[in-house]
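In: Build me a structure from this.
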Amino acid sequence: ILFMTALGDTVSKLKSFELGAADYVTKPIQSEELLARVTAHLKIRKQQQQIQAQNEELQKRNQELDAFARTVAHDLKNPVGSILNLTSLLAEECVTANRQTLKKINMITLACQKTYNIINAILTLTGISRQASITIQPLKMSAIVQAVIKQRLSYQIKQSQAEIHLPDQWPMALGYGLWIEEIWVN
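Out: Sure thing, here's the model as predicted:
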């Protein structure tokens, strides 16, 4: 709505905007100015429509991504759970096995448990957009980093002959432990 009127006082202008006017032009009307204002408002409206369409497309893609992540996590959860159970059974049956074999079985068990936890974290993350609340709490960063190094990166560190230098003291951090752990792994 474009108001064209002889009323040029501030109160009249404010009232027109309160009633929904997009712009306000006072008499005498200059055709060039009027055309420029109409063109500007049409351009703004077209841009608003484009933004709205892009927003809707982005929401659709986010929903698809959310559904994909949920599906992948659910699909991975059963086989990882099976591997975890089988390695536990294998460890029980191998009480007479040598230490190296038991150590490797325990490493498999830890890796499976960690993978299972990651899958649960993905499921939690995909639920965030719908409702799920996660518990943000103070994190003991040194314990998280040590666990990452020992349980998830030890092989890569050994293979690359990397040296890890850690601070003596860590700052207090609030967060969700599983996600922070993934950040450190990455």
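In: before we move on, could you check phi and psi at D168?
Out: The phi and psi torsions at D168 (degrees, to the nearest 10) take the values phi -70, psi -30.
In: Revised request: answer the last question for E163.
Out: According to degrees, to the nearest 10, E163 has phi -110, psi 130.
In: pretty sure I136 is touching L174, no?
Out: Yes - counting by C-beta atoms under 8 Å, L174 is a contact partner of I136 at 5.3 Å. For every residue, glycine as well, the C-beta is placed using N, CA and C.
In: Please, where are all the helices along this structure?
Out: 10-18, 31-93, 99-128, 141-147, 154-160, 177-185 (DSSP state H).
In: among those helices, which gets the worst mean confidence?
Out: Lowest mean pLDDT of the helices of the chain: helix 99-128, a mean of 75.
In: how distant is that helix from the center of its chain?
Out: Distance of helix 99-128 from the chain centroid (C-alpha atoms, centre = their mean, to the nearest Å) equals 21 Å.
In: What of stretch 148-159?
Out: 26 Å.
In: Alpha carbons of it, as PDB, please.
Out: Extracted C-alpha coordinates of stretch 148-159, given in PDB (Å, rounded to 0.1, in the frame of the first residue of the first chain):
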ATOM      1  CA  VAL A 148      40.300 -39.800  23.000                       C
ATOM      2  CA  ILE A 149      44.100 -40.300  22.800                       C
ATOM      3  CA  LYS A 150      44.100 -43.600  24.500                       C
ATOM      4  CA  GLN A 151      40.900 -45.200  23.100                       C
ATOM      5  CA  ARG A 152      40.400 -43.700  19.700                       C
ATOM      6  CA  LEU A 153      43.600 -42.200  18.400                       C
ATOM      7  CA  SER A 154      46.300 -44.400  19.800                       C
ATOM      8  CA  TYR A 155      46.800 -46.400  16.600                       C
ATOM      9  CA  GLN A 156      47.000 -43.200  14.400                       C
ATOM     10  CA  ILE A 157      49.400 -41.600  16.800                       C
ATOM     11  CA  LYS A 158      51.600 -44.700  16.800                       C
ATOM     12  CA  GLN A 159      51.500 -45.000  13.000                       C
END
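In: Many thanks, have a good one.
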